[in-house]
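Participant: What would the 3D arrangement of this be:
(one chain, ligands or ions: 1)
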Amino acid sequence: MTAILLTAFVPVRPARAQWQSIGPVGTYEKTDDGVTISARPAKVRLTVLAPDVIRVRLSRNGNFLPDSSWAVVGHDLGDRTFTLVDSPASIEIKTSRLSVRIRKSPCRISFYDAAGSLINEDDSAKGMSWVREEVAVWKTMPEDEYYFGFGEKAGQMQRKWKAMTMWNSDIPAYHADTDPLYQSIPFFYGIRNGRTYGIFFDNTYFSYFNMGKENPAQYSFGALDGDLNYYFILGPAPADILAKFSRLVGAMPLPPKWAIAYQQCRYSYYPEARVREIASNFRSRKIPCDVIYLDIHYMDGYRCFTWDRNRFPDPKKMVGDLARDGFKVVTIIDPGIKKEPGYWVYDEGLKGNNFVKYPDGRLFTGKVWPGECAFPDFTASRAREWWGTLYKGLIDAGIRGFWNDMNEPSVFDVPTKTFDLTVVHDDMGLKTDHRKNHNIYGMQMARGTREGMLKLRPNERPFVLTRANYAGGNRYASAWTGDNISSWEHLEMAVPMCLNLSVSGQPFVGTDIGGFVGVPSGELYARWLQLGIFTPLMRTHTEFGTPDQEPWSYGPEFEAINKRSIELRYRLLPYLYTQFYEASRTGIPMMRPIWFDFPEDRNSYWNDRDFLFGDAFLVAPVLWPGSRTRDVRLPEGDWYDYWSGEKHSGPKVVRVEAPMDRIPLFVRAGAIIPTQQDLQFSDQAPIDPLTIDVFSSASSTARLYEDDGISLDYQRGQYCLRTLSQKSDTTLNELVFSNPEGGYRPPKRRLIVRFQGIKRVPSSVSIDGRQLPSRLGPAGRDVAGPGQSAEPGWFYTPEKRVVTIQCGDTFGEQGISVR
Ligand code: MIG
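Facilitator: Numbers count the residues shown, from 1 in each chain. Purely as a prediction, here's the structure:
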């Protein structure tokens with residue numbers, strides 16, 4: 001494949017295959033939702049999906065391909081009203097937010113915002129073009145415009161002057177400049193002076209993006225086949241674009257709460273005794289953990305949906321015992337099904353006609369772990385349904401989640417390293433070849449897995465982790481960044497890589513903590529785990545044959561540090577869970593680059609080290625060996641140092657202490673952060689006490705989302721969503737809880753509210769106007785700390801400048817004031 005694809009880009013082409021650029025507009029036809037333009041032999045169709053979302057399609061020969069998409073789930077994005085203005089030189093589509101000008105001779109498209117500023121335009125010379133089946137568009141590249149997104153890309157976050165491709169590829173031990181990787185998300189942002197647009201190029205063939213690498217005045221994107229088919233989304237803010245994109249391709253469903261807790265993996269934990277030993281180490285060392293993974297060695301000869309009974313004689317018993325101890329077991333499942341008559345999965349697949357075949361009907365096979373394998377055609381709904389049923393045995397044994405690997409698809413012995421390109425996929429009945437289906441194969445595998453789990457356990461939220469995916473794939477699975485390396489360089493790469501995925505519509509991301517290939521030092525592992533506190537997926541993983549890579553594997557000092565990292569993750573769960581909830585509603589990711597919230601801050605475009613986690617945190621992980629201080633460029637606004645309480649006013653570079661046991665962390669003024677007690681696993685006990693830290697600003701609000709953490713009842717109103725509002729001035733600090741929305745109420749519990757940054761001893765604290773007793777001891781200190789007594793009261797800690805208030809959580813409207 002690589003060879004074939006590369007030759008496609010060699011500039012010397014056979015004489016008759018020449019690029020042809022679209023010519024003058026002939027006729028055009030206004031439709032209900034846009035306009036279809038004939039520019040023979042081509043046709044262009046522009047569709048208004050919302051006042052700020054325009055779809056552009058080009059058919060090079062005038063026959064649009066059947067309009068099907070694996071990514072797009074909603075075309076209903078807003079008001080579709082528009083006006084069409086025809087003038088001698090151009091046709092103009094106007095909505096309330098933008099206008100699209102189509103120059104007539106030759107046909108060139110440009111987008112303007114409502115103020116009339118040019119946002120994006122086709123290159124005058126090349127515009128939309130094609131050669132043979134290949135389609136592309138060239139656009140002008142303003143000098144001060146920068147590009148972000150593109151899904152799973154290693155290296156710098158800012159993608160200007162880079163060329164990228166989309167072709168899901170299994171590349172173990174990749175580097176910062178390896179491209180493409182496992183996932184394809186052909187979606188990007190252009191940002192220029194705070195004016196932002198997004199483009200989603202919904203074409204599943206091998207596609208490419210050349211962001212000015214070929215010509216500093218132009219960028220282009222295209223694909224080896226299919227229609228040129230893209231969505232233009234106007235900002236103003238990156239969050240507006242991502243919210244629209246997420247409505248177009250769907251957002252992440254809320255995962256089970258345990259999936260956002262700590263997960264432990266290696267290639268592979270076996271036999272059973274080893275798995276139990278790992279689990280009991282977590283508990284005896286009091287290091288929190290929710291998930292243990294079984295990699296390919298649990299299977300009988302790598303046959304999917306089987307167990308190696310020597311290594312795991314009684315899986316159900318083992319999984320049940322682990323469950324009583326709070327562990328959820330996740331197992332790996334690959335797409336390759338061993339070609340072996342008598343093996344029930346193979347027999348069923350063959351009988352149901354569920355495997356991928358050559359055009360002449362011969363079965364396609366290739367070697368992966370089990371040897372010669374057949375591969376399900378996940379693009380066929382029938383095959384996906386069948387695939388879903390296969391999980392029954394594992395689910396009956398108590399397996400709680402599934403990890404889909406090798407689904408680029410990756411094949412060892414085929415020259416293309418994937419399927420033969422001629423194999424036929426169902427492709428929603430269109431019967432197309434692998435070139436069109438390659439990039440969505442993993443996505444549809446994850447879909448089959450998720451949908452199967454839902455059928456088998458209709459009221460339990462599935463957890464699926466996938467290596468390959470496509471735009472919109474966050475609907476089915478979370479993502480990890482594949483086979484990274486245990487090196488400081490890879491730790492540094494982890495931040496922009498997760499951010500690139502996050503802003504591209506895959507919020508539930510993480511890296512193999514400690515690195516997959518190779519061996520981390522204790523310091524590297526500890527720093528990686530600290531970063532992991534703030535990556536949405538927090539999972540340690542390492543390859544076959546490496547030394548132990550558990551939080552306690554690096555001696556007692558590192559063990560204590562690693563324990564504290566994981567404990568912090570658990571204490572933050574109420575906050576993290578709320579952020580996951582918000583992402584599931586809006587698509588706005590938990591982990592996000594600073595430019596995402598501060599698009600006018602050009603310095604942030606090159607900030608690949610620091611990131612935001614939700615509205616509250618700015619995280620500045622230590623990514624270098626031996627570093628014990630950290631320089632952080634705080635964006636505009638007031639920021640509190642989470643550890644020292646010190647307040648800084650941005651924009652400003654600050655240097656903070658970064659001892660080995662601490663990840664530098666800042667809190668935005670106005671943040672209201674819910675946390676909980678220490679737990680060994682996420683569902684060990686209900687939250688009690690609920691602690692709310694208020695970092696005062698003039699005024700702000702935050703939300704707190706809770707539900708049962710596991711079922712789909714939240715979709716039927718069983719949740720508890722509250723708005724928390726704080727305000728402060730020189731004489732008053734106040735926090736008000738709204739009445740909850742939704743029918744779910746957590747069990748009765750204590751509430752601790754901590755107002756941070758209070759410089760004076762308060763004269764009074766009241767709840768809904770009633771005075772609360774002070775517990776100021778003779779030395780001006782607390783006489784009963786939180787947790788020691790359920791009695792309502794408050795105390796002030798001068799050296800920390802914190803007013804702590806303890807009371808009960810009423811789940812009703814409640815106002816707490818400090819004067
Ligand atoms: O060819 O299942 O990226 O996480 O441990 C290697 C064994 C196959 C690759 C995955 C890795 C996993 C490994 N897999």
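Participant: Give the buried residues for the one helix or strand Ala273 maps to.
Facilitator: In the assignment (DSSP states H and E), Ala273 maps to helix 272-284. Residues of helix 272-284 classed as buried: Glu272, Val275, Arg276, Ile278, Ala279, Asn281, Phe282 (neighbour count, 16 or more other C-beta atoms under 10 Å). C-beta here means a position set from N, CA and C on the backbone, and glycine is covered the same way.
Participant: can you list the residues that contact that helix?
Facilitator: 264, 269, 287-289, 292, 294, 311-314, 318, 321-322, 325-327, 550, 552, 680 (C-beta atoms under 8 Å, 6 or more residues apart in numbering).
Participant: Check which helices and strands the helix or strand containing Ile191 sits against.
Facilitator: Following DSSP H and E, one finds Ile191 within strand 187-192. In this structure, strand 187-192 packs against strand 145-149, strand 195-201, helix 238-249, with contacts taken as 3 or more C-beta pairs under 8 Å, 6 or more residues apart in numbering; DSSP states H and E.
Participant: Which neighbouring elements make contact with the longest one?
Facilitator: Packing partners of helix 238-249 (3+ C-beta pairs under 8 Å, 6+ apart): strand 187-192, strand 195-201, strand 228-234, helix 594-597.
Participant: pull the longest strand from this structure.
Facilitator: strand 629-641 (DSSP state E).
Participant: List the strands paired with that strand, with their directions.
Facilitator: Under the criterion DSSP bridges, strand 629-641 sits next to strand 647-657 (antiparallel), strand 665-668 (antiparallel) in its sheet.
Participant: wait, which of these is closest to Lys417?
Facilitator: strand 665-668 (41.7 Å; C-beta to C-beta).
Participant: helix or strand right after that closest one?
Facilitator: Past strand 665-668, the next helix or strand by DSSP H and E is strand 672-675.
Participant: before we move on, back to that, filter the contacts of helix 272-284 to the buried ones?
Facilitator: If we count by 16+ other C-beta under 10 Å, the contacts of helix 272-284 have these buried: 264, 269, 287-289, 292, 294, 311-312, 318, 321-322, 326-327, 550, 552, 680.
Participant: for the chain, what are the low-confidence residue spans?
Facilitator: Scanning the chain for pLDDT under 70 picks out 1-16, 776-790.
Participant: picking up where we left off before, deepest of the strands paired with strand 629-641, which one?
Facilitator: Among the strands paired with strand 629-641, strand 665-668 has the highest mean neighbour count (mean count of other C-beta atoms under 10 Å), at a mean of 24.
Participant: For stretch 207-215, measure first residue to last.
Facilitator: End-to-end distance of stretch 207-215: 18 Å, with C-alpha to C-alpha, to the nearest Å as the criterion.
Participant: how about that stretch: buried residues?
Facilitator: Buried, per 16+ other C-beta under 10 Å, within stretch 207-215: Ser207, Tyr208, Phe209, Asn210, Met211, Gly212.
Participant: my read is Trp258 is in a helix, agree?
Facilitator: Yes - according to DSSP: H, G, I helix; E, B strand; the rest coil, Trp258 belongs to a helix.
Participant: Contacts only, for it.
Facilitator: Trp258 touches Asp290, Val291, Lys328, Arg400, Phe463, Phe681, Ser682, Asp683, Gly709, Ile710, counting by C-beta under 8 Å, 6+ apart.
Participant: and what of Ser696?
Facilitator: Ser696 makes contact with Ala669, Gly670, Gln726, Ser728, Asn733, Phe755, Gln756, Gly757, Ile758, according to C-beta under 8 Å, 6+ apart.
Participant: How far off centre is the strand holding Ile191?
Facilitator: From the chain centre to the centre of strand 187-192 is a distance of 18 Å (C-alpha atoms, centre = their mean, to the nearest Å).
Participant: mind listing what that strand pairs with, with the direction of each?
Facilitator: Applying DSSP bridges, one finds strand 187-192 paired with strand 145-149 (antiparallel), strand 195-201 (antiparallel).
Participant: Just want the angle from the first one to helix 238-249.
Facilitator: So that's strand 145-149. 50 degrees (axes from the mean of the first three to the mean of the last three C-alpha atoms, to 10 degrees).
Participant: Can you show me the helices along the stretch 501-650 of the chain?
Facilitator: 522-533, 556-571, 573-586, 594-597 (DSSP state H, counting those that start in this stretch).
Participant: Just put these in JSON lines and tack on mean neighbour count.
Facilitator: As requested, the helices of the stretch 501-650 of the chain are arranged in JSON lines below (neighbours: other C-beta atoms under 10 Å):
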{"stretch": "helix 522-533", "mean neighbour count": "24"}
{"stretch": "helix 556-571", "mean neighbour count": "19"}
{"stretch": "helix 573-586", "mean neighbour count": "21"}
{"stretch": "helix 594-597", "mean neighbour count": "24"}
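Participant: show me the biggest helix of this protein in terms of residues.
Facilitator: Secondary structure assigned by DSSP state H gives helix 434-456 as the longest helix of the chain.
Participant: Identify the residues contacting whatever helix or strand comes next after it?
Facilitator: Downstream of helix 434-456, the next assigned helix or strand under DSSP H and E is strand 463-466. When contacts are defined by C-beta under 8 Å, 6+ apart, strand 463-466 is touched by residues 255-256, 258-259, 330, 400-404, 407, 442-443, 445-446, 449-450, 453, 473, 476-480, 537.
Participant: Next one: strand 463-466, is it in contact with the ligand?
Facilitator: No - judged by C-beta under 6 Å from any ligand atom, strand 463-466 stays clear of the ligand, getting no closer than 9.5 Å.
Participant: Give the pairing partners of that strand; include direction for each.
Facilitator: Counting by DSSP bridges, strand 463-466 is paired with strand 401-404 (parallel), strand 478-480 (parallel).
Participant: could those strands be laid out in a markdown table, adding distance to the ligand?
Facilitator: Formatted as a markdown table, those follow (distance: least, C-beta to the nearest ligand atom, whole Å):
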| stretch | distance to the ligand |
| --- | --- |
| strand 401-404 | 8 |
| strand 478-480 | 8 |
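Participant: Out of those strands, which is the most enclosed?
Facilitator: It is strand 478-480: most buried of these by mean count of other C-beta under 10 Å, with a mean of 28.
Participant: what does the stretch 201-350 of the chain have sitting close to the ligand?
Facilitator: Residues of the stretch 201-350 of the chain lying close to the ligand by C-beta under 6 Å from any ligand atom are Tyr267, Asp295, Ile296, Ile332.
Participant: is it fair to say Ile692 lies in a helix?
Facilitator: No - using three-state DSSP, the assignment for Ile692 is strand, not a helix.
Participant: so how many other residues sit close to the residue lying closest to Ala50 once chain neighbours are set aside?
Facilitator: Nearest non-adjacent residue to Ala50, counting by C-beta to C-beta, 6 or more residues apart in numbering: Gly78, 3.1 Å away. Neighbour count for Gly78, taken as other C-beta atoms under 10 Å: 16.
Participant: residues touching Gly78, list them.
Facilitator: If you count contacts by C-beta under 8 Å, 6+ apart, then Gly78 has Leu49, Ala50, Pro51, Asp52, Val53 around it.
Participant: Surely Val73 and Arg475 touch.
Facilitator: Yes - counting by C-beta atoms under 8 Å, Val73 touches Arg475, with 7.4 Å between them.
Participant: where do the contact lists of those two overlap?
Facilitator: Val249, Gly250.
Participant: Those two: which has the busier surroundings?
Facilitator: Arg475 (19 against 15).
Participant: Leaving out chain neighbours, which residue sits closest to the more buried one?
Facilitator: Leaving aside its sequence neighbours, Arg475 sits nearest to Gly250 (C-beta to C-beta, 6+ apart; 4.2 Å).
Participant: And Phe811, by the same measure?
Facilitator: Arg745 (5.3 Å).
Participant: where does that neighbour fall, helix, sheet strand or coil?
Facilitator: Assignment for Arg745 (three-state DSSP): coil.
Participant: Correct me if wrong: it contacts Cys720.
Facilitator: Yes - with contacts counted by C-beta under 8 Å, Arg745 reaches Cys720, the gap being 5.9 Å.
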